[in-house]
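A.B. asks: The following block contains a protein sequence and its predicted model.
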Amino acid sequence: MNHSVVSVRNLKKVYGKKGEKQYEALKNISFEVEEGEFVGIMGPSGSGKTTLLNMLSALDSPTQGEVTIAGNNITGLNEQQLSDFRATNIGFIFQDFNLLENLTMSQNIGLPLSLQGVSSRKIDKKIKTIAEILDITQILSNYPTEVSGGQKQRVAAARALVHQPQLLLGDEPTGALDSKNAKNLLEALRGLNRDYQTTILMVTHDPMSASYCKRILFIQDGMIFKELRREGSQQEFYQNILANLSHVDFSESQV
Amino acid sequence: MTWKLALINVKKRWQDYLVLMMGLIISVSIFYMFQTLSLNVKFLEEVIPTISMVAFIFQLGAVLLGIITVVYIFYANSFLLSMRKKEYGMYMMLGAKKKKIKQMMTIETLFIGFLSMVVGIMLGVVFSTIMSQVLLNQLRVSSNQYNAFSFSAVVVTFIFFLILFVLTAITNASKFSKTKLLDLLHEDQQSEKHRPNKLKTISLTIVSVILIMIGYFSLWHVKELALAGLVIALFTITFGTFLFFAALLPAVISAFKNNEKFSRKGIRIFTLSQLSFKSSSLSKVLGMVTMLLALSLGAITVGDAFNNYKEALIKQAPYDAVIFNPDEAVSKEMAKLEGKEERLYHIKQNNEEFYFLYDELREQPITMNNQTGFTLKAKPFTEFNEGDSFSTNNGTEFSIMSAFGQIMNPYTSYLNAPVYHVVSQSEFDQAQGESGVIHVLMVDDFEGQLDIFERIDTLEMARFDLEDAETSNSKFALYSMISMMVSGFMFMGAFLGIAFLAMLASSLMFKILSGAYQDIGRYDMLRKIGVGKKKLLASIYKEILVVFAVPGILGTIHVLFGLKMFELLMPEPYSHIWLPFVIFAAIYLLYYFITVKLYQNIVLKSEKNQ
């Protein structure tokens, strides 16, 4: 049986100080992500997606509840421990790539390894491996300004994966890409998930992107509203997501 | 509506504008100070007797300030333009015509310019008043020749900056005309080229090194090249420095960056990446900072060197007062002196022949200055026998002659060929001539009791019928003359030093603050991929350290060569450089830490808000 990579229990996040106007971004959320899963998180703006992602990546601490990643309870760690934890266990893909413009692609990819003090020779080897998987070998010596958005995001994915993290977190990774490039990236992510059992959790707006996942959690008003598992073809799953989304929209408009 | 929009912009971005304006205001007020100083010629003549050379150096300073102000204003404005491009693009999307936007830009530039001028001139008046008061107090002179508010200075300052601002407005408008709407909207996404042209880099580097070398060479040989050398050095070093930062520094940093053995250590590659980003975008500022630093450090060092020169000159007079047969009034004043040692020498004078008692000179030897170059070593004069005579004619050393000269009545006319006899009591009694007693006074604190010495000096001058202070040889007269000259130089040194340091501060602050906003995303990304706060801080410290250290070092080397030109004015400009260098380094270091703090607040604070 697979063991769970992410385990979230009764997570609650309240913004604002006591006595002042408070805002409950997350209300009692619990879920598990098992090793090798490809999970999507969907929800309308302001539903708490970003807050949840911040908790999962240990960037923000919950008001209540526990987050366990790869067997480590990260709620009790101090700042330094959290940084180290992120550096070794989590890979991050951002919506706007966040590559350093005056470093070459290979220098960008190698950054997390340099941070961990890996030797230069090993870094080269790992960059080569991940570049082959993501098919970016030919642009490794280019600078970010010289390539397309899709290629940039692949490089960003390579940077997120080069240190073989337990969990890959995506914050709208296709948000800044056109549909062709977005598909390209999603295929690559699916390949990683299928061939290397990389656990992926991504937040997305886009039903098309979401249809690449194996499971989707719908969040609304800080709660898990619905969970959807892919059973048939991707096409069916996509239709299913759309149906659920319209349901969300409908119920929202009734409130 | 155009007016309203233009001014709303200023209000909305007041922080950025404030930084820009601080630089401008300081620049205006310094320019004004220069103007008032050079227009108060009478004041200068009164305070600084050796005016011609000083005026020339001062003019060089004014020219430099002009060049630097032009660079600063163009730089700052083009930055503001790039900051606002997206907004202008949005206005155009909403249907605003380019002409309207150009109008808005012009209004903004001129508004900022006008405000800076008004505040700058007011600040300039305040600065000038304070500075002149400090100077006059130090000199113990009261002068009413100095007017802090000078109408012609206001006019000159106003016209100079008006021309500058109009030029900037025109340049900005024409730059804007050339930009397409689409580029305006996507301003953020444009980034600089990261593949520099190698041939260009190499040739620029060579030119920069050659220019700096020529500048150093002409400073080193300033004695032969005279003023031409100074002018050559001024231009070659200025342009050489700017080229150094445009070509050499980015090349060196990217070489480090691409050496993977070196760069792949922790966060180092990020620090280098930040630096290579900064070195290309900061090249003009770094050049400017280097020049300002050189000027400011140079000015302070030279001012201080003059001050030390003063100490040396004053030491030439070992006795604080020498009084011949004091009368009642003078004795009264002498009694008031504290912490004094008084020596009495009996003397008999027959024209230019003087008789001293052997026993007295043995008991309290007179002080002799051994002079090698400009350094003096005081020692008691003991190598004499009873019956010796000293005069220039019998080959007595100059130092011995002047040792005797020091205890002569300073209020008598110059002695042509004095002869000093050291004799026994009996011979002294037999000698022909007028006898008297010389009172030699030495106090612990000369400068603290200047009032008394001044009164003694006045009394003595009256007693010996001296009309002009310059014919007196007293230590007080020497002191006043030297301190006049030295304070003039120190005033100028401090004046220039503060001015340049202020411009240096504002341009660095401006650049660091404005650049920091673009860096927020990078630091945020690093934090997300697991870089701890400590490491980020360390990276910030290192990055800004390089930005400070490189111009610091280059500027210091400029100063070391630049001091050579002051050999025209004083004996050893290098002898006392440590104190001003250390003080300057301390201020610079403090400034470094403040900058780090400011930068850190912007870059790391934003994380908490997320």
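C.D. replies: Perfect, thanks for sending it. Residues are numbered from 1 along each chain as shown, chains lettered A, B, ... in the order given.
A.B. asks: Can you pull out the low-pLDDT segments for the stretch 101-250 of chain A?
C.D. replies: Scanning the stretch 101-250 of chain A for pLDDT under 70 picks out A:247-250.
A.B. asks: Which parts of it are helices?
C.D. replies: With helices called from DSSP state H, counting those that start in this stretch, the stretch 101-250 of chain A shows them at A:105-115, A:120-134, A:149-161, A:179-196, A:207-210, A:234-254.
A.B. asks: Figure out which of the ones you listed is closest to B:Gly89.
C.D. replies: Nearest to B:Gly89, of all these, is helix A:149-161, at 20.6 Å by C-beta to C-beta. (Glycine included, C-beta is placed from N, CA and C.)
A.B. asks: which ones are touching A:Tyr240?
C.D. replies: No Tyr there; residue A:240 is Asn. A:Leu228 (C-beta atoms under 8 Å, 6 or more residues apart in numbering or on different chains).
A.B. asks: can you count the residues close to the closest residue to chain A within the stretch 401-550 of chain B?
C.D. replies: Across the stretch 401-550 of chain B, the shortest distance to chain A (C-beta to the nearest C-beta) belongs to B:Gly530, at 2.9 Å. By other C-beta atoms under 10 Å in any protein chain shown, 25 other residues sit near B:Gly530.
A.B. asks: which residues touch it?
C.D. replies: A:83-88, A:90, A:112, A:115.
A.B. asks: and of the helices of the stretch 101-250 of chain A, who's closest to B:Val437?
C.D. replies: Closest to B:Val437 of the helices of the stretch 101-250 of chain A, according to C-beta to C-beta: helix A:105-115, at 85.6 Å.
A.B. asks: Could you tell me which other helices and strands that closest one packs against?
C.D. replies: When contacts are defined as 3 or more C-beta pairs under 8 Å, 6 or more residues apart in numbering or on different chains; DSSP states H and E, helix A:105-115 packs onto helix A:120-134, helix A:149-161, helix B:260-263, helix B:268-281.
A.B. asks: Export the ones you listed as TSV, with columns for distance to B:Leu554 and mean neighbour count.
C.D. replies: Output for the helices and strands packed on helix A:105-115, formatted as TSV (distance: least, C-beta to C-beta, whole Å; neighbours: other C-beta atoms under 10 Å in any protein chain shown):
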stretch	distance to B:Leu554	mean neighbour count
helix A:120-134	32	17
helix A:149-161	36	25
helix B:260-263	23	15
helix B:268-281	13	23
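A.B. asks: before we move on, the earlier item: just the contacts of B:Gly530: which are in strands?
C.D. replies: Judged by DSSP state E, strands contain the following of those: A:Ile90.
A.B. asks: how about the strands of the stretch 1-150 of chain A, start to end?
C.D. replies: For the stretch 1-150 of chain A, applying DSSP state E, counting those that start in this stretch gives strands covering A:4-15, A:23-34, A:38-42, A:64-69, A:72-73, A:90-93.
A.B. asks: what does the stretch 251-400 of chain B have sitting close to chain A?
C.D. replies: B:257, B:260-261, B:263-270, B:273, B:276-277 (C-beta under 8 Å from any C-beta of the partner chain).
A.B. asks: 6 Å instead?
C.D. replies: Selection of the stretch 251-400 of chain B residues close to chain A by C-beta under 6 Å from any C-beta of the partner chain yields B:260-261, B:264, B:266, B:269, B:273, B:276-277.
A.B. asks: residues touching B:Asp327, list them.
C.D. replies: By C-beta atoms under 6 Å, 6 or more residues apart in numbering or on different chains, the contact list for B:Asp327 is empty.
A.B. asks: In contact with B:Ile544: list those residues for me.
C.D. replies: B:595-596.
A.B. asks: how far away is the residue in chain A that chain B sits nearest to from B:Phe398?
C.D. replies: In chain A, the residue that lies nearest chain B is A:Ala87 (2.9 Å; C-beta to the nearest C-beta). According to C-beta to C-beta, to the nearest Å, A:Ala87 and B:Phe398 sit 77 Å apart.
A.B. asks: Looking at the two, which is more packed in?
C.D. replies: Taking other C-beta under 10 Å, A:Ala87 and B:Phe398 do not tie; A:Ala87 has more neighbours (19 against 11).
A.B. asks: what residues are up against the more buried one?
C.D. replies: A:Ala87 neighbours (C-beta under 6 Å, 6+ apart): A:115, B:530.
A.B. asks: So for it, what's the pLDDT?
C.D. replies: Here, the pLDDT recorded for A:Ala87 equals 84.
A.B. asks: cool, and the one 10 residues further on?
C.D. replies: Each residue has a pLDDT score; the one for A:Phe97 is 79.
A.B. asks: same deal with B:Glu454?
C.D. replies: pLDDT recorded at B:Glu454 is 83.
A.B. asks: Checking it next. Helix, strand or coil?
C.D. replies: Secondary structure assignment for B:Glu454 (DSSP: H, G, I helix; E, B strand; the rest coil): helix.
A.B. asks: Quickly find the element holding the closest residue to it other than its chain neighbours.
C.D. replies: Leaving aside its chain neighbours, B:Glu454 sits nearest to B:Phe476 (6.2 Å; criterion: C-beta to C-beta, 6 or more residues apart in numbering or on different chains). Per DSSP states H and E: B:Phe476 is located in helix B:475-528.
A.B. asks: pLDDT on that helix, on average?
C.D. replies: pLDDT averaged over helix B:475-528 gives 73.
A.B. asks: Which is the succeeding secondary structure element to it?
C.D. replies: helix B:533-562.
A.B. asks: Do a quick rundown of the strands in chain B.
C.D. replies: Using DSSP E, strands in chain B cover B:321-324, B:340-350, B:353-357, B:367-372, B:375-380, B:389-391, B:419-423, B:434-443.
A.B. asks: a markdown table for those, including distance to B:Lys564, mean neighbour count and mean pLDDT?
C.D. replies: Putting these into a markdown table (distance: least, C-beta to C-beta, whole Å; neighbours: other C-beta atoms under 10 Å in any protein chain shown; pLDDT from 0 to 100) gives the following:
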| stretch | distance to B:Lys564 | mean neighbour count | mean pLDDT |
| --- | --- | --- | --- |
| strand B:321-324 | 39 | 24 | 85 |
| strand B:340-350 | 42 | 16 | 85 |
| strand B:353-357 | 45 | 21 | 87 |
| strand B:367-372 | 22 | 15 | 70 |
| strand B:375-380 | 20 | 12 | 70 |
| strand B:389-391 | 41 | 18 | 85 |
| strand B:419-423 | 42 | 21 | 87 |
| strand B:434-443 | 38 | 16 | 86 |
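A.B. asks: out of these, which comes closest to B:Lys86?
C.D. replies: The closest of those to B:Lys86 is strand B:375-380. By C-beta to C-beta, the value is 64.8 Å.
A.B. asks: hmm, back to that, and the residue of the stretch 401-550 of chain B closest to chain A, how close does it get to A:Ser106?
C.D. replies: 20 Å.
A.B. asks: Which secondary structure element of chain B has the lowest mean pLDDT?
C.D. replies: Least confident helix or strand of chain B, by mean pLDDT, DSSP states H and E, is helix B:41-47 with a mean of 59.
A.B. asks: that older thread, would you format the contacts of B:Gly530 as CSV with distance to B:Met33 included?
C.D. replies: Output for the contacts of B:Gly530, formatted as CSV (distance: C-beta to C-beta, whole Å):
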residue, distance to B:Met33
A:Ser83, 50
A:Asp84, 55
A:Phe85, 57
A:Arg86, 54
A:Ala87, 54
A:Thr88, 59
A:Ile90, 58
A:Pro112, 54
A:Leu115, 50
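A.B. asks: In stretch A:176-187, which residues are buried?
C.D. replies: Buried residues in stretch A:176-187, counted by 16 or more other C-beta atoms under 10 Å in any protein chain shown: A:176-177, A:181-186.
A.B. asks: oh, I was asking about stretch B:560-567
C.D. replies: For stretch B:560-567, the neighbour count (16+ other C-beta under 10 Å) marks B:560-566 as buried.
A.B. asks: could you redo these as CSV and give each row pLDDT?
C.D. replies: Formatted as CSV, the buried residues of stretch B:560-567 follow (pLDDT from 0 to 100):
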residue, pLDDT
B:Leu560, 88
B:Phe561, 87
B:Gly562, 84
B:Leu563, 83
B:Lys564, 81
B:Met565, 78
B:Phe566, 76
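A.B. asks: I am finished for the moment; much appreciated.
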